[in-house]
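I'll drop the sequence and a predicted model, then ask my questions.
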Amino acid sequence: MAATAACQRRPPVLEPTAEQPPLFDGTIRLYTAYICPFAQRVWITRNYKGLQDNIKLIPLNLQSRPAWYGEKVYPVNKVPSLEHNGKIIGESLDLIKYLDSNFEGPSLLPDDPAKKEFAEELFAYTDTFNKIVYTSFKGDPAKDAGPAFDYLENALHKFDDGPFLLGQFSLVDIAYIPFVERFHVFLSEVFKYDITAGRPKLAAWIEAQ
Ligand SMILES: N[C@@H](CCC(=O)N[C@@H](CS)C(=O)NCC(=O)O)C(=O)O
């Protein structure tokens, strides 16, 4: 039921011919695509912080984005981007940190300096992680992507005050989960490779999301 209610609150994807919403009129807008894992990082952060009423979703169809998006809103022409305080900000990792520092709601980064330092290491590894796994699809994922999943398994041993990467749930989990969930399903279905086999912490982390 809750899921149904959440779906009903999702605004429909814009048609390519849709008019551009007014720019910089004070409304905070998240230009997004429901299927994009980068955009999902920001969507999860917004929802976890309870900002559904503060930040309006503008869902685009990636296959046919309205021309005004790249021409007038965000010349990079990718999602996600956020319209806030007369500016457009992009890049999902920067955006989740931006939402956490500039908006109300539960904090998604710990105060502990050791955890903060490890958070930066984990953020820095995300692109490498994704690249290793995507590249492995062309070869033998169990062998080629194994080290990337081992990295997460080892990271999950570092703090034991919860099942998440920094112990408690944080932006770091949000940075990885949209990708790991996809990899988990895809590798299991297509390559019969279970990324959680022999990785109990990773299994518990996926279960805990
Ligand atoms: N580094 C960017 C990547 C964003 C990205 O690649 N988004 C994809 C959709 S998942 C996109 O907008 N692609 C459109 C295109 O490349 O034309 C981020 O972290 O936000």
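Yep, that arrived. This is a predicted model, so every value here is computed, not measured. Numbering: from 1, shown residues only.

ok, now which ones touch the most centrally placed residue in the chain?
For the chain, Arg41 is the residue whose C-alpha lies nearest the centre (Cα atoms, centre = their mean; 1.9 Å). Going by Cβ atoms under 8 Å, 6 or more residues apart in numbering, Arg41 touches 80, 92-93, 95-96, 174-175, 178. C-beta here means a position set from N, CA and C on the backbone, and glycine is covered the same way.

Closest one of these to the ligand?
Ser92 (3.5 Å; Cβ to the nearest ligand atom).

which residues sit in contact with the closest one?
Ser92 makes contacts with 38-39, 41-42, 80, 175, as judged by Cβ under 8 Å, 6+ apart.

near the ligand, which of the contacts of Arg41 show up?
80, 92-93 (Cβ under 6 Å from any ligand atom).

ok so, going back, where's the residue nearest to the centre of the chain relative to Lys72, distance?
24 Å (Cβ to Cβ, to the nearest Å).

got it, and Ala119?
Distance from Ala119 to Lys72, by Cβ to Cβ: 35 Å.

hey, C-alpha coordinates of the helix or strand encompassing Val172 in PDB?
Using DSSP states H and E, Val172 falls within helix 171-191. Output of helix 171-191 as PDB, limited to C-alpha atoms (Å, rounded to 0.1, in the frame of the first residue of the first chain):
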ATOM      1  CA  LEU A 171      25.500   8.900   1.900                       C
ATOM      2  CA  VAL A 172      28.100   6.300   1.100                       C
ATOM      3  CA  ASP A 173      25.500   3.500   1.100                       C
ATOM      4  CA  ILE A 174      23.300   5.700  -1.200                       C
ATOM      5  CA  ALA A 175      26.300   6.200  -3.500                       C
ATOM      6  CA  TYR A 176      26.700   2.500  -4.100                       C
ATOM      7  CA  ILE A 177      23.300   0.800  -3.700                       C
ATOM      8  CA  PRO A 178      21.600   1.800  -7.000                       C
ATOM      9  CA  PHE A 179      24.500   0.200  -8.900                       C
ATOM     10  CA  VAL A 180      25.100  -2.800  -6.600                       C
ATOM     11  CA  GLU A 181      21.400  -3.700  -6.800                       C
ATOM     12  CA  ARG A 182      21.500  -3.700 -10.500                       C
ATOM     13  CA  PHE A 183      24.800  -5.700 -10.600                       C
ATOM     14  CA  HIS A 184      23.400  -8.200  -8.200                       C
ATOM     15  CA  VAL A 185      20.300  -9.000 -10.300                       C
ATOM     16  CA  PHE A 186      22.100  -8.800 -13.700                       C
ATOM     17  CA  LEU A 187      25.100 -10.900 -12.800                       C
ATOM     18  CA  SER A 188      22.900 -13.500 -11.100                       C
ATOM     19  CA  GLU A 189      20.400 -13.700 -14.000                       C
ATOM     20  CA  VAL A 190      22.800 -13.400 -17.000                       C
ATOM     21  CA  PHE A 191      26.100 -14.900 -15.700                       C
END
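
That one - what's its average pLDDT?
If you average the pLDDT over helix 171-191, you get 98.

list the helices and strands that helix packs on?
Other helices and strands packing on helix 171-191, by 3 or more Cβ pairs under 8 Å, 6 or more residues apart in numbering; DSSP states H and E, are helix 37-48, helix 92-102, helix 113-136, helix 141-144, helix 200-208.

Need the contact partners of it.
Contacts for helix 171-191 (Cβ under 8 Å, 6+ apart): 37-38, 40-41, 44-45, 48, 92-93, 96-97, 100, 108-109, 119, 122-123, 126, 129-130, 133, 141-142, 145, 152, 164-166, 193-196, 205-206, 209.
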